[in-house]
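K.L.:
sequence first, predicted model second:
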Amino acid sequence: MTQPPEQPPSGGYGAPPNQPPQPPSGGFGAPVPPAPGYGYPQQPGPYNSGPYGQPQQPGPYAQQPQQPGSYGQQPQQPGPYGGYGYPPPPPPQFAPPQPPSGRGPFKGRPALLIAAAVAGLLVVGGTVWAVTGGGDKKPVAQKSGSPSASGTTDDPANPGDGSGDGGKDPENLNEGRKSGEAKVLWYKEAPDAPGSGADAPGMWITGRTAVKAAYKEVVAYNVGNGNPAWATITFPQKICAVTPEKSADDKVVVAYMSGVSDNAKCNHLQQLDLNTGAKGWTATVADGDLFDSALSIGLTITGKTLMVGRSQSGVAYDLATGKQLYEKKKYGAACFPSGFAGGDKLLVVSSCGAGSDTEHDEVQELDPATGGVKWTKAIPKGWTVSHVYSVNPVVLYMTDADDKHWNISTLKSDGSVRSQVDSKASFAPGCGTFNDDLQGCEAVAADANTLYLPTDSTTGPNQIVAIDLATGKEKWRVRSPADESMLPVKVEGGKLIAYVEAAYDAGGQVVSVPTAGSSHTTTKLLQLPAGTAKIESSFFSRDVDYVDGRFYISSTRLNGNDDTKEKLMLAYGK
């Protein structure tokens, strides 16, 4: 039985929050018995300090509090490696979303701190909403020059098989490497960061370059040997947002702050070419209507369009020229855009009717070139779209207002419900608050018909569960080949690529799993060396990728500790 999402289903959307959870009946948002995992509340414990071990939100099927799992490493004392050791971990990248508090438009973004006594404001759940109109300022784009490159011109060609000359190894990281183990191709330290710490968002890999943002800098390395690919780009203020994805022609956009004061805004944009380091157009994002702020923004790329999300709207630019294309603003019954998700499709999540009886979220697919609405999906009252697991197909993760139920729904091409996940597994998708965007879940992968989610495990190996998006049912599971957790990275070539985390004394692994057929066993692609296991496992806040046979792991948060050398990035290959 599938109930329309516009109606409160039995035991699901609209169900009295104090009733015990019921088994799913196929309705939109029907709860299932509790099971711990990512997306669910946890008790604080020694394993809650790593990127995959944070206190979690309740999920759509009435998950209950659980004890912390095995994701993430315990804080360690500084070791003999200096920067490779174990300084107290910075705030993790993969921390869970904060509990929904009201229906404000600032999901995942700092709320505008304005006195509630100001006339013409509606305060809902700690968030300030404007109920009057305002000016309509337009961002301005202009050209900038290109920096000179300091990278070498004799870098080896990329054979695409993970091989390379390995570069220099001054730290002797490959000393004692055993037969069959991958080697460290190169290692890079992080730039100095303030004592309060700094973000190091984004990691982009092209056929020749590995590019990383850190504090005020964007650096680029040759993928094979780690030599500088082009001159480091330094911004006048700290980097505050980046496009998580790159365009088809290897362009990204970086945003940096307007200053250092409490009123400084994340409103300066710079387009970059990842292969050459050339700086393209720049723009300054103006505030929108009243209380529609650029204090904090989100960036996403869909095709040839850059979408910049402000607190209550979005501004679209032509990625190649910086020309403003359109704005996605308030529409309908007080619907304010609160977040955007990009990639193969452009989605917007809006908060509608805040404080009213019709308060709810809506999801729309937009034409990235024009902003035209292709379809609109109204989410039942009391539910929040917390994350977008995939944009193609559209897979949404939602929580209820009482944080007692979760729901994972797949939508069809017209926005109607295709299926809802029906599983009692305790999923651990590694969703973060520091990315502050709808697509901040790192340990999730999907293809046209299957969603891949890792389970949580308090001890021993976990599993990756393949979920049929046509039915919401489990198709198969595969167990981690080691005692550590295995996390989905991507799907390519009909195979799921996964990362098996390192142990204290054993390196991690990169494995593949066939997505079709009857056999779903892991095949080892890279065995990361035991000699660098301590370094590898100390990336508390991290990003990972596997491209052309090479595995990359980088920090996404710098702790600003001047007593040790902070690590930024490691690359492994054959």
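P.N.:
Cool, the structure landed. Owing to the predicted nature of the structure, the values given are computational and were not obtained by experimental measurement. Numbers count the residues shown, from 1 in each chain.
K.L.:
from now on I want contacts and neighbour counts done on CA atoms only, so please keep to that.
P.N.:
OK.
K.L.:
what's near enough to touch His473?
P.N.:
One correction, residue 473 is Lys, not His. Val421, Asp422, Ser423, Ile467 (C-alpha atoms under 8 Å, 6 or more residues apart in numbering).
K.L.:
tell me the one of the residues you listed nearest Trp186?
P.N.:
Trp186 has its nearest neighbour among the contacts of Lys473 in Ile467, at 36.9 Å by C-alpha to C-alpha.
K.L.:
which residues does the closest one bridge with?
P.N.:
Leu451, Glu474 (DSSP bridges).
K.L.:
got the contact list for it?
P.N.:
Contacts of Ile467 by C-alpha under 8 Å, 6+ apart are Val421, Thr450, Leu451, Tyr452, Lys473, Glu474, Lys475, Trp476.
K.L.:
show me what contacts the first one?
P.N.:
Applying C-alpha under 8 Å, 6+ apart, we find Val421 in contact with Asn407, Ile408, Ser409, Ile467, Leu469, Thr471, Gly472, Lys473.
K.L.:
mind putting those residues into a markdown table with pLDDT and distance to Glu536?
P.N.:
Below are the contacts of Val421 laid out as a markdown table (pLDDT from 0 to 100; distance: C-alpha to C-alpha, whole Å):
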| residue | pLDDT | distance to Glu536 |
| --- | --- | --- |
| Asn407 | 96 | 34 |
| Ile408 | 97 | 32 |
| Ser409 | 98 | 35 |
| Ile467 | 98 | 30 |
| Leu469 | 98 | 34 |
| Thr471 | 97 | 38 |
| Gly472 | 98 | 35 |
| Lys473 | 97 | 35 |
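K.L.:
show residues contacting whichever helix or strand Ile497 is part of.
P.N.:
Element membership for Ile497 (DSSP states H and E) is strand 495-500. With contact meaning C-alpha under 8 Å, 6+ apart, strand 495-500 is reached by 480-482, 484-491, 508-515, 546.
K.L.:
now the contacts of Ile467: which count as buried?
P.N.:
Buried by 16 or more other C-alpha atoms under 10 Å: Val421, Thr450, Leu451, Tyr452, Lys473, Glu474, out of the contacts of Ile467.
K.L.:
would you turn those residues into JSON lines with distance to Leu173?
P.N.:
Below are the buried ones among the contacts of Ile467 laid out as JSON lines (distance: C-alpha to C-alpha, whole Å):
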{"residue": "Val421", "distance to Leu173": "44"}
{"residue": "Thr450", "distance to Leu173": "39"}
{"residue": "Leu451", "distance to Leu173": "37"}
{"residue": "Tyr452", "distance to Leu173": "33"}
{"residue": "Lys473", "distance to Leu173": "45"}
{"residue": "Glu474", "distance to Leu173": "42"}
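K.L.:
in strands only, show me the contacts of Lys473.
P.N.:
Ile467 (DSSP state E).
K.L.:
closest to Val223 among the contacts of Lys473?
P.N.:
Ile467 (34.2 Å).
K.L.:
that closest one and Asn449, how far apart?
P.N.:
Distance of Ile467 to Asn449, given as C-alpha to C-alpha, to the nearest Å: 8 Å.
K.L.:
surely Glu245 touches Pro201?
P.N.:
No. Glu245 is beyond contact range of Pro201, at 11.4 Å (criterion: C-alpha atoms under 8 Å).
K.L.:
which one of the two is surrounded by more residues?
P.N.:
Pro201 (26 against 20; other C-alpha atoms under 10 Å).
K.L.:
give the pairing partners of whichever strand or helix holds Val254; include direction for each.
P.N.:
If you go by DSSP H and E, Val254 is part of strand 251-256. Strand 251-256 sits in its sheet next to strand 239-242 (antiparallel), strand 268-273 (antiparallel), going by DSSP bridges.
K.L.:
can you give me the helices for the stretch 151-300 of the chain?
P.N.:
Here the stretch 151-300 of the chain has no helices by DSSP state H, counting those that start in this stretch.
K.L.:
where do the helices sit along the stretch 351-500 of the chain?
P.N.:
Counting by DSSP H, counting those that start in this stretch, one finds no helices in the stretch 351-500 of the chain.
K.L.:
how far away is Gln463 from Trp476?
P.N.:
Applying C-alpha to C-alpha, the value for Gln463 to Trp476 is 10 Å.
K.L.:
shaky segments in the stretch 151-300 of the chain?
P.N.:
Scanning the stretch 151-300 of the chain for pLDDT under 70 picks out 151-170.
K.L.:
how about the strands in it?
P.N.:
183-189, 198-199, 203-205, 209-214, 217-222, 228-234, 239-242, 251-256, 268-273, 279-284, 298-302 (DSSP state E, counting those that start in this stretch).
K.L.:
neighbouring strands - and their directions - for the shortest one?
P.N.:
If you go by DSSP bridges, strand 198-199 pairs up with strand 557-558 (antiparallel).
K.L.:
packing partners for the following helix or strand past the strand it pairs with?
P.N.:
As assigned by DSSP H and E, the chain's next helix or strand after strand 557-558 is strand 567-573. Under the contact definition 3 or more C-alpha pairs under 8 Å, 6 or more residues apart in numbering; DSSP states H and E, strand 567-573 sits against strand 183-189, strand 550-555.
K.L.:
one more time with 10 Å
P.N.:
Counting contacts by 3 or more C-alpha pairs under 10 Å, 6 or more residues apart in numbering; DSSP states H and E, strand 567-573 is packed against strand 183-189, strand 209-214, strand 523-527, helix 533-537, strand 542-547, strand 550-555, strand 557-558.
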